[in-house]
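Asker: Quick one, fold the following:
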Amino acid sequence: MNFIDSHAHINDEAFDQDREQVIQRVFESGVYKFIEIACERHEWEPAIALCEKYAGKVTAALGIHPQVAQTYDEAARAALPQFLNNTQVAAVGEIGLDYAYLHACPKETQLKVFEEMLDLANQVQKPIVLHIRREEENYEPYDTTFAMLKHLWKPASSSKYPGVLHCFSARYEEAKQALDQGLLLGINGCFTYKKNEYIREAVKKAGADKLILETDCPYLSPQGKRGTRNDPSNIPLIAQWVADYLDMPIQQLAEITTQNALDLYNLK
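Answerer: Down below sits the predicted model:
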């Protein structure tokens, strides 16, 4: 079975002591590609360097994370379009709204930068990687995001899927809005947590053909490995959880989610 981790942060400082060993273990685990997400200005160049070092196995997505939207200064605005046109960069992301971090970055700043990110995605015609996080049971950031997509976003015509709702952790109502706009759902360790039956039920209603697998490492290790550093070699474990819940062979889930990731990021 071949898997793709569609959302990883291998350049995170959590891997500074053993990054090469981790990457080697990843490629031995059945995960033959991963997408390196670089969502701060200082991460863009290292992400592209990682792609060049592991050509054909690592691809990048670049953007500004809503938690650090206030760091998107004029120098970053001048640099990002050039980076996005790099052939190693497959998507714009992760971008979006995070209302759990309004204490760190005001809503107005997040909205402004998200609008700019969507405009860039329109310009370069590459898919988007969405980060949407709510504050407790307030689903406003989802409603706002989907409204902004409808009015401001011109989905990339070159991709079968124009984007992904990364780290899906909402209800079926939100899943359906995402699917209605052509988005895939990114499924990670959150799916495996006991309290998250509502996520599992939403995923079951959405169907396996609308999913891609991710770790969001070094965060969100799956059940059984919580409290430890996550990495892409845990993708087969997450896949087994999903396959079991959907009552389907893991081989079938691997084929579907891998093809979806290839289609989303225009990879071979």
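
Asker: which residues in the protein form helices?
Answerer: Along the chain, the segments classed as helices by DSSP state H run 19-28, 41-53, 74-84, 107-124, 140-152, 172-180, 197-206, 235-246, 250-265.

Asker: what's the first one in contact with?
Answerer: Identification of contacts with helix 19-28 by C-beta atoms under 8 Å, 6 or more residues apart in numbering yields 5, 10-11, 15, 34, 54, 57, 231-233. C-beta: built from backbone N, CA, C; applies to glycine.

Asker: Looking at those, which is nearest residue 91?
Answerer: When those are ranked by distance to residue 91 (C-beta to C-beta), residue 34 comes first, at 13.1 Å.

Asker: Tabulate the contacts of helix 19-28 (JSON lines), appending pLDDT and distance to residue 86.
Answerer: As requested, those are arranged in JSON lines below (pLDDT from 0 to 100; distance: C-beta to C-beta, whole Å):
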{"residue": "5", "pLDDT": "98", "distance to residue 86": "21"}
{"residue": "10", "pLDDT": "98", "distance to residue 86": "18"}
{"residue": "11", "pLDDT": "98", "distance to residue 86": "16"}
{"residue": "15", "pLDDT": "98", "distance to residue 86": "22"}
{"residue": "34", "pLDDT": "98", "distance to residue 86": "17"}
{"residue": "54", "pLDDT": "98", "distance to residue 86": "15"}
{"residue": "57", "pLDDT": "98", "distance to residue 86": "17"}
{"residue": "231", "pLDDT": "98", "distance to residue 86": "25"}
{"residue": "232", "pLDDT": "98", "distance to residue 86": "22"}
{"residue": "233", "pLDDT": "98", "distance to residue 86": "27"}
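
Asker: so where is the chain shaky, pLDDT-wise?
Answerer: Within the chain, not a single segment meets pLDDT under 70.

Asker: and the longest strand for it?
Answerer: Longest among the strand segments of the chain by residue count, using DSSP state E, is strand 89-98.

Asker: Okay, now the sheet partners of that one, with direction.
Answerer: Within its sheet, strand 89-98 is paired with strand 58-62 (parallel), strand 128-133 (parallel), according to DSSP bridges.

Asker: can you put these in TSV and add mean neighbour count and distance to residue 113?
Answerer: Written out in TSV, the entries for the strands paired with strand 89-98 read as follows (neighbours: other C-beta atoms under 10 Å; distance: least, C-beta to C-beta, whole Å):
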stretch	mean neighbour count	distance to residue 113
strand 58-62	27	14
strand 128-133	26	12
